[in-house]
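# Give me the fold of what follows.
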Amino acid sequence: MRAPLASLLQEEEQEEINLTPMLDVVFIMLIFFIVTASFVKEAGIDVNRPEAATAVKKERASILIAISDKGEIWINKRRVDVRAVQANVERLKAENPQGSVVIQADKKSTTETLIKVMDASRAAGVFDVSIAADDGN
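Predicted coordinates:
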């Protein structure tokens, strides 16, 4: 009588599922998704951009500069003086050499500030400078 009981206990032990390999795969997938995820960059302030019928979405913009309606310049969520724009763009370009500059200028900002920021970006060595606009839809 003991022989059948012992064989049942051995069968129960063999039927357990080992979850360790499955957990390893789940953690590897989690790391993969975190590494490959693209995060939305923000310049630091909300800007009312003008509308443009020919606006085209730019996929790889790594350096975002915002100009507020009061002429304040924001890079990476901090306010920057117009004289420091070139140094900040040079630093960000060193981090990402293929990066481009996108300027988000408010409708009420002056063209003088926009031109100064564009000149500073080009002086920093970034010649792919774009101005953000809404597509009008």
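
# what does the model give Thr36 for pLDDT?
Thr36 is assigned 78 on the pLDDT scale.

# I meant to write Glu13 there.
With respect to pLDDT, Glu13 has a value of 59.

# again, but for Glu51
pLDDT, read off for Glu51, is 65.

# One more: Phe27?
Phe27 is given a pLDDT of 92.

# For Pro21, see how far away it is.
Taking C-beta to C-beta, to the nearest Å as the measure, Phe27 falls 11 Å from Pro21. To be clear about C-beta, it is placed using only N, CA and C from the backbone, and glycine gets the same treatment.

# What separates the first and last residues of stretch 69-87, distance-wise?
By C-alpha to C-alpha, to the nearest Å, the extent of stretch 69-87 from end to end equals 23 Å.

# can you pull the contacts of Asp119?
Counting by C-beta atoms under 8 Å, 6 or more residues apart in numbering, Asp119 touches no other residue.

# SS state for it?
helix (DSSP: H, G, I helix; E, B strand; the rest coil).

# what do you get for Arg83?
helix.

# do Leu64 as well
strand.

# go on, Phe127?
coil.

# Please apply the same query to Asp69.
Secondary structure for Asp69, judged by three-state DSSP, is coil.

# Would you map out the domains in this protein?
With domains defined by automatic domain parsing, the chain comprises 2-36, 63-131.

# Packing partners of the one helix or strand Trp74 maps to?
For Trp74, the enclosing helix or strand under DSSP states H and E is strand 73-75. For strand 73-75, the packing partners by 3 or more C-beta pairs under 8 Å, 6 or more residues apart in numbering; DSSP states H and E come out as strand 63-67, strand 78-80, helix 85-95.
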